[in-house]
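Student: Sequence and predicted structure, then a few things I'm wondering about:
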2 protein chains.
Amino acid sequence: MNFEKEMKEKVKEVQAVIDSYLPEESGFQRTLLEAMNYSMTAGGKRLRPLMMLETYRLFGGTSGVIRPFLAAIEMIHTHSLIHDDLPAMDNDEYRRGRKTTHVVYGEAMGILAGDGLLNFAYETAARAFEMEPDNKNVGKAFRVLTSKTGIYGMIGGQSVDVEMAGQPLSAEKLDFIYRLKTSALIEGAMMTGAILAGASDEKIDKIQQIAQKVGIAFQIQDDILDMTSSMAVLGKPINSDEKNHKTTYVTLYGLEDSRKKVEGISREAIALLDSLEEKNEFLRALILSLIYREK
Amino acid sequence: MNFEKEMKEKVKEVQAVIDSYLPEESGFQRTLLEAMNYSMTAGGKRLRPLMMLETYRLFGGTSGVIRPFLAAIEMIHTHSLIHDDLPAMDNDEYRRGRKTTHVVYGEAMGILAGDGLLNFAYETAARAFEMEPDNKNVGKAFRVLTSKTGIYGMIGGQSVDVEMAGQPLSAEKLDFIYRLKTSALIEGAMMTGAILAGASDEKIDKIQQIAQKVGIAFQIQDDILDMTSSMAVLGKPINSDEKNHKTTYVTLYGLEDSRKKVEGISREAIALLDSLEEKNEFLRALILSLIYREK
């Protein structure tokens, strides 16, 4: 089977799991639940749950205990998109060709839909305690997931990004934002997969390093595409970073060095993955496809 | 020792635990951490952690595993206050005599400080997995806490309250809002205490009923005070519900019936508490002081 076909099937598989955990739209709080589901069904690549599941499989995981965590990580990611789009943040009216949540449901409901998804992510993941009460890795996965999402992870990165909007960034601060805002949740995804599959601490640490590199290479590739791709391919305005005076890898180091950086980091990530005795060809191809993408 | 003196000491005790879990204000995300701590140190009665701790003690709990949960429930409560105060919600500029978080730190940082606290609550509570990896009650406490906070608890109640703002409410909808917006987190607090102390499911269920009644009586008493107290005693404008055309227990049933309702529900709550073989005189006095308060 070729990669693209396999990818499609795996996304479908992950999507079915996520759908099975979405709240039923009923009760007095129906509007809130509709707003949450509106955002959760807006499409998207489902990369984080995919990477979680494939890392779980890399280490031989086969149980259903991963399922609520797959839904949870996508809810956390969607929570961050809803709040990033709010008028007080990026003030975006469209995402993936659809009106953003606060545009459709109002700002108050946008805030609450984001809160609702973040909390429901953990409420959903907590079902794993019922599924496998004796499995100590569930608590361990919780610790990592909350930490990678939080103030020393995604939310912390977002806060620095928001605070520095419109101001030039130092290389150190830019690295910090990329690591927290983009890499942290990918680390959370892959580490959760490894932990739930019972991987050793040494291997979990390797997975964290891989995920961090993948996240940073992914983000730099984003900067490169913003500069070089055409609007037709990317589906959104190009050169937006330059127009917004945004500091990116490309504005800081130039196109050529940015390309070299992507090349270097991704080679390191793949070398680390290949150094594991466990193998998952699909995960390897997935990582490469993320880094060397055209859109 | 009289109740008021004991109350002061216990608040101090709980406050010290909460403080020990607050993030250190350093790193590039320092502003976010400052905004979180600003809200967490704005005063307040610490009722939820107090009720959690005293329910824990009621059932003989003595271990440190309760500590991160005490901090967590106050973080969850504070998260809800920060987001409730936002311009898109109640648009409040002052709380407890201090400027609200978004007024001091800006709206974007207010949203992120709320997100940060909600997530950090679970990150903090998750430390209990490290403290007692073999204690299955920690996972069970997680399930209850996430559920009482979430879309079928506090956040769900808040969404209906926000959606119905300025519109008349049916008795059924008002009860729903009181139960979810106010009672749910008190249920979460007391049930978490009971669960971590190893109480039986039957007793945990009784605690849930007690907490639900306490929350509703507390909320109706709030409505009564809004109508009858003086601004000097309450420290905030009175008759605000009437002026805002807000449906409350008092506008729906009148003062006399509202007082009878508080009396009836609180008697039921105390009877349930007294029916337990376990005793905690302070918890009993605390519940009564909440319901029959003057401000």
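Tutor: Nice, I can see it.
Student: is it true that residue A:245 touches residue A:166?
Tutor: Yes. Using CB atoms under 8 Å as the test, residue A:245 is close enough to residue A:166 to be in contact (6.6 Å). The way it works is simple: take the backbone N, C-alpha and C, and place the C-beta from them, glycine included.
Student: Neighbour count for these two, which is higher?
Tutor: Per other CB atoms under 10 Å in any protein chain shown, whichever of residue A:245 and residue A:166 has more neighbours is residue A:245, with 11 against 8.
Student: and the helix or strand that residue A:204 is a member of, what does it pack onto?
Tutor: Using DSSP states H and E, residue A:204 maps to helix A:201-228. Packing partners of helix A:201-228 (3 or more CB pairs under 8 Å, 6 or more residues apart in numbering or on different chains; DSSP states H and E): helix A:184-196, helix A:240-243, helix A:249-274, helix A:281-291.
Student: Run through who's touching the last one.
Tutor: With CB atoms under 8 Å, 6 or more residues apart in numbering or on different chains as the contact definition, helix A:281-291 has outside contacts at A:3, A:6-7, A:10, A:47, A:50-51, A:54-55, A:57-58, A:210, A:214, A:217-218, A:221, A:262, A:266, A:269-270, A:273-274.
Student: who's in contact with residue A:72?
Tutor: Contacts of residue A:72 (CB under 8 Å, 6+ apart): A:121-122, A:124-125, A:145.
Student: any idea how far the host helix or strand of it is from the chain center?
Tutor: Assigned by DSSP H and E, residue A:72 belongs to helix A:66-85. Mean C-alpha position of helix A:66-85 versus that of the full chain (CA atoms, centre = their mean, to the nearest Å) differs by 8 Å.
Student: I'd like the mean pLDDT over that helix, please.
Tutor: The average pLDDT within helix A:66-85 is 98.
Student: swap in stretch A:137-149?
Tutor: 98.
Student: mind listing what's buried in that stretch?
Tutor: Applying a neighbour-count criterion of 16 or more other CB atoms under 10 Å in any protein chain shown, one finds A:137-149 buried in stretch A:137-149.
Student: Stretch A:191-203 now?
Tutor: A:191-197, A:199, A:203.
Student: Check stretch A:101-117 too.
Tutor: For stretch A:101-117, by 16+ other CB under 10 Å, it's A:101-103, A:105-117.
Student: Among those, name the ones in helices.
Tutor: A:101-103, A:105, A:107-117 (DSSP state H).
Student: Are any of the contacts of helix A:281-291 buried, and if so which?
Tutor: Applying 16+ other CB under 10 Å to the contacts of helix A:281-291, the neighbour count classes A:7, A:10, A:47, A:50-51, A:54-55, A:57-58, A:210, A:214, A:217-218, A:221, A:262, A:266, A:269-270, A:273 as buried.
Student: how much space between residue A:8 and residue A:280?
Tutor: Remark: distance between residue A:8 and residue A:280 (CB to CB, to the nearest Å) = 18 Å.
Student: Counting neighbours, go ahead and name the busier of those two.
Tutor: residue A:280 (16 against 11).
Student: Isn't that one up against residue A:58?
Tutor: Yes. Here residue A:280 reaches residue A:58: they are 4.0 Å apart, a contact under CB under 8 Å.
Student: For the stretch 151-295 of chain A, what lies in contact range of chain B?
Tutor: With the criterion set to CB under 8 Å from any CB of the partner chain, the stretch 151-295 of chain A comes near chain B through A:151-152, A:155-160, A:162-163, A:173, A:176, A:180.
Student: Quickly name whichever of those is closest to residue A:20.
Tutor: residue A:155 (26.9 Å; CB to CB).
Student: Quick check: which element contains that closest one?
Tutor: For residue A:155, the host element (DSSP H and E) is helix A:154-163.
Student: and that helix with helix A:184-196, angle?
Tutor: On the basis of axes from the mean of the first three to the mean of the last three CA atoms, to 10 degrees, helix A:154-163 is oriented at 180 degrees to helix A:184-196.
Student: Show me what whichever helix or strand comes after helix A:154-163 packs onto, helices and strands only.
Tutor: As assigned by DSSP H and E, the chain's next helix or strand after helix A:154-163 is helix A:171-177. Helix A:171-177 is packed against helix A:154-163, helix A:249-274, with contacts defined by 3+ CB pairs under 8 Å, 6+ apart.
Student: now those as TSV including mean pLDDT?
Tutor: Formatted as TSV, the helices and strands packed on helix A:171-177 follow (pLDDT from 0 to 100):
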stretch	mean pLDDT
helix A:154-163	97
helix A:249-274	95
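Student: Point out the most buried one among those.
Tutor: helix A:154-163 (a mean of 24; mean count of other CB atoms under 10 Å in any protein chain shown).
Student: Could you list every helix and strand in contact with it?
Tutor: helix A:66-85, helix A:171-177, helix A:184-196, helix B:30-40, helix B:107-125.
Student: Quick one: these as TSV, columns for distance to residue A:227 too.
Tutor: Listed next are those as TSV, based on distance: least, CB to CB, whole Å:
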stretch	distance to residue A:227
helix A:66-85	22
helix A:171-177	15
helix A:184-196	23
helix B:30-40	30
helix B:107-125	27
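Student: for the ones you listed, which one sits closest to residue A:15?
Tutor: helix A:66-85 (9.1 Å).
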